[in-house]
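Student: using only what follows, build the 3D model:
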Amino acid sequence: MAKNYESEITQFLKHYKQQHPDVEQRQREGRARLWDKNLDPELQEQFKAGRVQQSSYVYQTR
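Tutor: Predicted coordinates for the structure are as follows:
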């Protein structure tokens, strides 16, 4: 493959980022809103303590 080759996808992304310079900032904001959360360690321990053991065959009725 030639060293200066760029796929159509790469060309599209470069063109898109030139047309929309704020796209990376919006991506970071979206990630922060959905994923980058501070977790409460006490609450996490309570979640672990509240788990119920799953039976070996979950569809079997008792």
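
Student: which residues are in contact with the residue nearest in space to the middle of the chain?
Tutor: Computing the C-alpha centroid of the chain and ranking residues by C-alpha atoms, centre = their mean puts W35 first, at 6.3 Å. Going by C-beta atoms under 8 Å, 6 or more residues apart in numbering, W35 touches no other residue. C-beta: built from backbone N, CA, C; applies to glycine.

Student: how confident was the prediction at it?
Tutor: Per-residue pLDDT puts W35 at 88.

Student: look up how far R28 lies from it.
Tutor: 11 Å (C-beta to C-beta, to the nearest Å).

Student: and if you look at Q11?
Tutor: 24 Å.

Student: now K3
Tutor: 31 Å.

Student: what of Y57?
Tutor: Distance from Y57 to R28, by C-beta to C-beta: 45 Å.

Student: how would you label N4: helix, strand or coil?
Tutor: Using DSSP: H, G, I helix; E, B strand; the rest coil, the secondary structure recorded for N4 is coil.

Student: run a quick neighbour tally on L13.
Tutor: 13 (other C-beta atoms under 10 Å).

Student: tell me where the model's unsure across the protein.
Tutor: Applying pLDDT under 70 to the chain flags the ranges 1.

Student: now the helices for it?
Tutor: 8-19, 23-34, 41-49 (DSSP state H).

Student: of all those, which lies closest to T61?
Tutor: helix 41-49 (27.1 Å; C-beta to C-beta).
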